[in-house]
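Visitor: Fold the following for me, if possible:
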Amino acid sequence: MAPLNGPWKLLFSTAADASFSKNSTRGDAKAQNIVDGVKGRITNVIDFVTKEDGSDPVLKQLQVVIKATAVSPTRVELNFKYAKALLTRFFFLPIRWTLYIPVPAAFITRCIVFLSNILRFGRGTAKKVPKAFFDVLYLDNDLRIHKTGEDNLFVQARESWDEAKPLLA
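Guide: Residues are numbered from 1 along each chain as shown. Below is the predicted model of the structure:
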């Protein structure tokens with residue numbers, strides 16, 4: 001089995017979009033990702049916490065599905081596929097429903113680089129499409145540390161790791 005396989009709960013990150021608190025406009029949430037090494041897929045999962053009044057937030061859960069490919073012993077390339085939003089209301093009606101959102105970022109990035117290369121034709125080297133990736137800096141059975149291509153650090157732990165349980169609560 002792949003060492004990255006399985007669920008990983010977020011302990012710490014320098015990425016602003018991966019941090020949540022009850023004081024933020026997005027609300028409090030718990031983040032994790034689930035790695036399926038056999039399928040080459042990572043699913044980032046954000047579970048938004050029930051409000052203090054006991055009601056569910058409009059956005060209950062967000063999942064981002066990513067194709068993952070190991071390109072070296074420590075680097076994993078990422079191709080974002082789609083996001084799945086679990087909602088608790090449709091306008092003002094209390095109806096649970098799911099919204100699937102394709103992630104067109106790779107296509108849009110390719111178009112921008114292509115147009116940039118046309119405008120720069122004959123003036124230096126052509127630009128290449130940047131790749132999304134992370135580098136594994138540390139990995140054991142319980143702890144994982146990786147750095148993204150945007151220089152953000154992520155520290156993640158298995159929920160079963162006793163020493164990390166107080167930090168995961």
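
Visitor: which stretches of this structure have low pLDDT?
Guide: Within the chain, the set of residues satisfying pLDDT under 70 comprises 1, 19-27, 105-106, 110, 120, 122, 124, 126-130, 169.

Visitor: Please enumerate the helices of this structure.
Guide: Using DSSP state H, the helices of the chain run over 105-119, 165-168.

Visitor: Of the ones you listed, which is nearest Asp47?
Guide: Shortest separation from Asp47 across the helices of the chain is recorded for helix 165-168, at 12.4 Å, computed as CB to CB. Where C-beta positions appear, they are placed from N, C-alpha and C, glycine not excepted.

Visitor: Pull the distance from the closest one to the chain's centre.
Guide: Here helix 165-168 is found 20 Å from its chain centre; the criterion is CA atoms, centre = their mean, to the nearest Å.

Visitor: can you map out the strands along the protein?
Guide: Under the criterion DSSP state E, the chain contains strands at 6-13, 29-36, 41-48, 59-70, 75-87, 97-102, 132-139, 143-148, 153-157.

Visitor: Export the helices of the chain as TSV, with columns for mean neighbour count and distance to Phe12.
Guide: TSV is the format used below for those (neighbours: other CB atoms under 10 Å; distance: least, CB to CB, whole Å):
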stretch	mean neighbour count	distance to Phe12
helix 105-119	12	25
helix 165-168	12	9
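
Visitor: could you redo those as JSON lines and give each row distance to Leu153?
Guide: Converted to JSON lines, these look like this (distance: least, CB to CB, whole Å):
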{"stretch": "helix 105-119", "distance to Leu153": "22"}
{"stretch": "helix 165-168", "distance to Leu153": "16"}
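
Visitor: Contacts only, for Arg41.
Guide: Contacts for Arg41 were tallied using CB atoms under 8 Å, 6 or more residues apart in numbering; they are 35, 65-68.

Visitor: Mind doing that once more with 10 Å?
Guide: With contacts defined as CB atoms under 10 Å, 6 or more residues apart in numbering, Arg41 is in contact with 34-35, 65-68, 81.

Visitor: and what of Asp47?
Guide: With contacts defined as CB under 10 Å, 6+ apart, the neighbours of Asp47 are 20, 28-32, 60-63, 86.

Visitor: now do Thr14
Guide: Thr14 makes contact with 147-148, 150-155 under the criterion CB under 10 Å, 6+ apart.

Visitor: Contacts only, for Leu137.
Guide: By CB under 10 Å, 6+ apart, the contact set of Leu137 is 74, 144-147, 153-155.

Visitor: At the geometric centre of this protein, which residue do we find?
Guide: The central residue of the chain, meaning the one whose C-alpha is nearest the mean C-alpha position (CA atoms, centre = their mean), is Asn44 at 4.2 Å.
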